[in-house]
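[1] Below: sequence and its predicted model.
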Amino acid sequence: MTSPKPPINAPAAHQADTRIAGDRPLRDTRSLRDYIRTIVDFPKEGILFRDVTTLFADARGFRMAVDQLLTPYAGLAIDKVVGLEARGFILGGAVAHQLSVGFVPIRKKGKLPGSVISEAYALEYGEAVMEIHDDALKSGERVLIVDDLLATGGTAAAGIRLCERLGAGVVGCAFVIDLPDLGGRALLEGMGYDVHALTAFEGD
Ligand SMILES: O=P(O)(O)OC[C@H]1O[C@H](OP(=O)(O)OP(=O)(O)O)[C@H](O)[C@@H]1O
Ligand SMILES: Nc1ncnc2[nH]cnc12
């Protein structure tokens, strides 16, 4: 027999299960990685798609991701968090809120309403153009770039170029997932950028 649903304004008693005492889970011992789902052959054959919607949907998982993303940068001077469309918006917005700084979106071509600058880049499974409002960052501002996943590094490198063309400095690039076999970390670190990733999936 299923129990009746509580009234819509009832206190959320079930949330007790998601609370964390210090770093020690009360009951739930899943690691951040355990919340990430893999979809085979999406968006095309041969791709193992690392799906973070299952991580975002879980209160404990999402909090772990946001907290771990910002930990290395908490003591540093950051003026803006720059999020890469689309999942970088969800993470970057939360990180910006935690750091008490503003959030700037980098979007796919044609989505931003104001005057933009653009950068073309290659993806693991296609090509795209990214854009930023040309007044979104001031010269000399220090930015943290946030996205869900680092694969070839093409998206992040385009994001870095856009920020730097506006005169901003990239303090770091933070990702939930690194796919090291696709070379993004090596690319970005080879260019001298700080890369912070919470977990890696090898063999992709
Ligand atoms: O390191 P790269 O090879 O550039 O790949 C990483 C990018 O690919 C994914 O986004 P996607 O392009 O699928 O766009 P979406 O988030 O808008 O779905 C992911 O969220 C990163 O932004
Ligand atoms: N394997 C993958 N899973 C999820 N997002 C991606 N973006 C590029 N490669 C990806």
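    Received, thanks. Treat the numbers as computed from the prediction; the structure is a model and nothing was measured. Ligands and ions are numbered 1, 2, ... in the order given.

[2] Up against ligand 2, what does this structure have?
    Within the chain, the positions adjacent to ligand 2 are Ile47, Leu48, Phe49, Arg50, Glu124, Leu149, Ala151, Leu179, Asp204 by CB under 6 Å from any ligand atom. No exception for glycine: its C-beta is placed from N, CA and C like everyone else's.

[3] I'd like to know which of these is nearest to Gly93.
    Among the residues of the chain next to ligand 2, Leu149 lies closest to Gly93 (CB to CB), at 16.7 Å.

[4] Mind listing the residues bridging to the spatially closest residue to the closest one that is not a sequence neighbour?
    With CB to CB, 6 or more residues apart in numbering as the criterion, Leu149 has its nearest non-adjacent residue at 4.3 Å, and that residue is Ile177. With DSSP bridges applied, Ile177 shows beta-bridge pairing to Leu149, Thr199.

[5] so Ile177 makes contact with Arg185?
    No: using CB atoms under 8 Å, Ile177 is not in contact with Arg185; the gap is 11.1 Å.

[6] so what's Gly61 up against?
    Counting by CB atoms under 8 Å, 6 or more residues apart in numbering, Gly61 touches Arg30, Leu32, Tyr35, Thr54, Leu55.

[7] Okay, and it sits in which element?
    Using DSSP states H and E, Gly61 falls within helix 59-70.

[8] where does the chain dip in pLDDT?
    1-26, 124-125 (pLDDT under 70).

[9] So which residue is dead centre in it?
    With distances taken as CA atoms, centre = their mean, Asp147 lies nearest the centre of the chain, 2.7 Å away.

[10] Does that one fall in a helix, a strand, or a coil region?
    Following DSSP: H, G, I helix; E, B strand; the rest coil, we place Asp147 in the strand state.

[11] which residues does it contact?
    Gly83, Leu84, Arg87, Gly88, Leu91, Gly92, Thr155, Ala156, Gly159, Cys173, Ala174, Phe175.

[12] of these, closest to Pro105?
    Nearest to Pro105 among the contacts of Asp147: Gly83, at 5.7 Å, using CB to CB.

[13] what sits opposite the closest one in the beta ladder?
    Beta bridges link Gly83 to Pro105, Val146 when assigned by DSSP bridges.
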